[in-house]
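Chemist: how would this look folded up:
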Amino acid sequence: MRWIPFIILIYVAVLVQVAVGALPVQFSLTGNIAPDITAIVAVFIALSVRDPRDAMIAAWSLGFAMDLMLCGMGGAVTAVGPMAIAYTLAAGVIYRVREAFFRERAHARALLTLVFCLIVHSLWVTMQTFLGFAWSAWGSAIMKAIGISIYTAIIAPLVCMGLQRCSGWFIAVYARRLRRR
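Modeler: Coordinates of the predicted model:
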């Protein structure tokens with residue numbers, strides 16, 4: 001990984017997340033939902049890097065940025081840290097199962113993004129509930145998490161196309177070393 005450009009990518013992803021979050025889509029079952037752009041970036045990194053530590057550190061960084069963004073949003077008290085933990089665990093899952101998929105295919109990226117978001121948002125809602133911040137609204141929060149996950153999975157192939165074009169900036173390409181005989 002090239003960490004300085006990746007930090008810039010985190011900043012851009014959070015800015016896009018805030019901009020997209022300002023224009024939510026209204027559904028009767030889930031309420032207002034917006035896609036999770038940083039989750040798409042985390043899945044893309046987990047599918048692209050060679051080292052699992054790079055995937056986990058990148059996911060933790062993106063999750064921590066989301067924790068800082070969500071802290072106190074909407075007047076609700078939330079803990080900082082659960083999103084970073086959830087991103088790290090979900091990136092580990094995606095990194096482990098990535099060999100079973102054709103990673104360059106749009107439907108594979110959408111499916112893996114759906115799994116990632118379901119893990120992350122379900123863990124985050126559950127951790128916030130156990131920490132005592134949202135006891136009464138767990139069911140509606142899980143429905144909202146499912147809606148966010150589906151919405152994010154739908155737009156994931158488009159965002160991944162854009163990330164693929166600039167991935168050389170933040171993902172180091174390793175050259176194969178040829179042995180001399």
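
Chemist: Which secondary structure element is home to residue 163?
Modeler: Here residue 163 sits within helix 138-165, counting by DSSP states H and E.

Chemist: tell me what that helix is packed against?
Modeler: strand 31-33, helix 37-48, helix 106-130 (3 or more CB pairs under 8 Å, 6 or more residues apart in numbering; DSSP states H and E). Yep, even glycine has a C-beta here, placed from its N, CA and C like the rest.

Chemist: Repeat the analysis, applying 10 Å as the threshold.
Modeler: Applying 3 or more CB pairs under 10 Å, 6 or more residues apart in numbering; DSSP states H and E, one finds that helix 138-165 makes contact with helix 3-21, strand 25-27, strand 31-33, helix 37-48, helix 106-130.

Chemist: between those, which gets nearest to residue 169?
Modeler: Comparison of those against residue 169 by CB to CB identifies helix 3-21 as nearest, at 4.8 Å.

Chemist: That closest one versus helix 37-48: what angle between them?
Modeler: For helix 3-21 against helix 37-48, the angle by axes from the mean of the first three to the mean of the last three CA atoms, to 10 degrees is 140 degrees.

Chemist: in helix 3-21, what's buried?
Modeler: For helix 3-21, the neighbour count (16 or more other CB atoms under 10 Å) marks 6, 9, 10, 13, 14, 16, 17, 21 as buried.

Chemist: Over to stretch 90-100?
Modeler: 90, 91, 92, 94, 95, 98.

Chemist: Sounds good, over and out.
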